[in-house]
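A.B. asks: what follows is a predicted protein model with its sequence.
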Amino acid sequence: MVDVLRKRLVVVAVLIIIVLGGSCYAYWQKNSVPTNVSTEGVPSLNNGANRQGSVSTVYISGAVMQPGVIKVSGGSRIIDVINAAGGLTEGADITKLNLAQPVKDGMHIKVLGGVVALSQTLTGHSDSAKAVGDKININTASKSELDKLPGIGATLAQRIIDYRQANGQFKDCSELRKVTGISESRYNKLKDKIII
């Protein structure tokens, strides 16, 4: 009986040694794998971000006609972003900007000075085009802002936006009279409340 018990203990001990040995070997194999893995053939995200054909998303604010989030092609410069934002507003100060600086993804470009559209949605449409005092910038105002002008309802506000999209920005406030439905008398009622 003692011999049988002794044989069983030996078998159990051998099994424990085999299991422990296997575990140690597996752990040693895992930690001995070389960490310097070749990246040849794997595309680099950093290199691709600066190539032509890639896209950078930047935020431009301040004295530009259409501030907001803008997508530009790789290799673009700050001057390209300003142009994509509709150009500078009157009185913009670009002396502290390097217009030739390459654009980086996630960059914030702030143009100082000028008449600034106060609030901007991520879609690039101005939510508040009020500029000096209570005057509305007819080149950047939204439909709801134009609707607040005296004698301009939702229909005329949409016509102003349609005219702006078809003919470009107003060069002079008096050009507003070219919009269908804005008579001389109606224009006279709102001319002191608008700017370009």
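C.D. replies: On my side now, so go ahead. Residues are numbered from 1 along each chain as shown.
A.B. asks: and residue 188, that one's in a helix?
C.D. replies: Yes. Using DSSP: H, G, I helix; E, B strand; the rest coil, the assignment for residue 188 is a helix.
A.B. asks: that one and residue 173, how far apart?
C.D. replies: 11 Å (CB to CB, to the nearest Å). C-beta here means a position set from N, CA and C on the backbone, and glycine is covered the same way.
A.B. asks: residue 104 too?
C.D. replies: From residue 104 to residue 173 the distance is 39 Å (CB to CB).
A.B. asks: ok, these two, which is more surrounded?
C.D. replies: Taking neighbours as other CB atoms under 10 Å, residue 104 and residue 173 compare with residue 173 leading, 18 against 10.
A.B. asks: surely that one is in contact with residue 190?
C.D. replies: No. Counting by CB atoms under 8 Å, residue 173 does not reach residue 190; the two are 9.1 Å apart.
A.B. asks: mind checking the longest helix of this protein?
C.D. replies: The longest helix of the chain (DSSP state H) is helix 2-31.
A.B. asks: which residue lies nearest the spatial centre of this structure?
C.D. replies: Closest to where the C-alpha atoms of the chain average out (CA atoms, centre = their mean) is residue 69, at 3.3 Å.
A.B. asks: in which helix or strand does that residue reside?
C.D. replies: strand 68-73 (DSSP states H and E).
A.B. asks: outside of the next helix or strand after that strand itself, list whatever touches it.
C.D. replies: Going down the chain from strand 68-73, the next helix or strand is helix 78-84, by DSSP H and E. When contacts are defined by CB atoms under 8 Å, 6 or more residues apart in numbering, helix 78-84 is touched by residues 58, 60, 64, 70, 72, 88, 94, 97-101, 103, 109, 111.
A.B. asks: of those - the most surrounded one?
C.D. replies: When neighbours are counted by other CB under 10 Å, residue 64 leads the contacts of helix 78-84 with 27 neighbours.
A.B. asks: not counting its neighbours along the chain, what's nearest it?
C.D. replies: residue 85 (4.1 Å; CB to CB, 6 or more residues apart in numbering).
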